[in-house]
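Engineer: give the three-dimensional model of this entry:
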Amino acid sequence: MSRSRLALNAVAILFVASCALSSLAFLDLAQTSMPYQDPTPEMLEKQAADIAAAERLFTVSTAIAGALALIGLAAFFHFRKHRQTRTTDHGQCGDH
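Structural biologist: Predicted structure coming up:
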């Protein structure tokens, strides 16, 4: 497997991981936020604490997902530029 193909696979994994990370945290927040039917005051207090924790987790995971997406995007453009210059260099070689 060539380096460019390996780099492209790594970029794809970073994008999938960033999407999955933020999606899973959002689903956790949505599940925690579902209201109880006829809750007791203790259940409401626990749910409020769980919602606050889920919101913090969602915020942190979204920031990490954004960083992963930016790293993946930067790597994609870096390896794309590197591949284009390497292809251009091979095309200019007239000795062979």
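Engineer: going forward, measure contacts between C-alpha atoms and count neighbours the same way
Structural biologist: Noted.
Engineer: next one: stretch 71-81 to chain centre, how far?
Structural biologist: 15 Å (CA atoms, centre = their mean, to the nearest Å).
Engineer: just stretch 66-84 next, same as before
Structural biologist: 14 Å.
Engineer: who touches that stretch?
Structural biologist: With CA atoms under 8 Å, 6 or more residues apart in numbering as the test, stretch 66-84 has contacts from Ser4, Ala7, Leu8, Ala10, Val11, Ala12, Leu14, Phe15, Ala17, Ser18.
Engineer: let's see it at 6 Å
Structural biologist: Here stretch 66-84 makes contact (CA atoms under 6 Å, 6 or more residues apart in numbering) with Val11, Leu14, Phe15, Ser18.
Engineer: ok, stretch 36-54 next?
Structural biologist: Stretch 36-54 is contacted by residues Leu29, Thr32 when judged by CA under 6 Å, 6+ apart.
Engineer: flag every buried residue along that stretch.
Structural biologist: Gln47, Ile51, Ala54 (16 or more other CA atoms under 10 Å).
Engineer: can you list these in a markdown table and add secondary structure?
Structural biologist: Formatted as a markdown table, these follow (DSSP: H, G, I helix; E, B strand; the rest coil):
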| residue | secondary structure |
| --- | --- |
| Gln47 | helix |
| Ile51 | helix |
| Ala54 | helix |
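Engineer: thanks again, I'm all set now.
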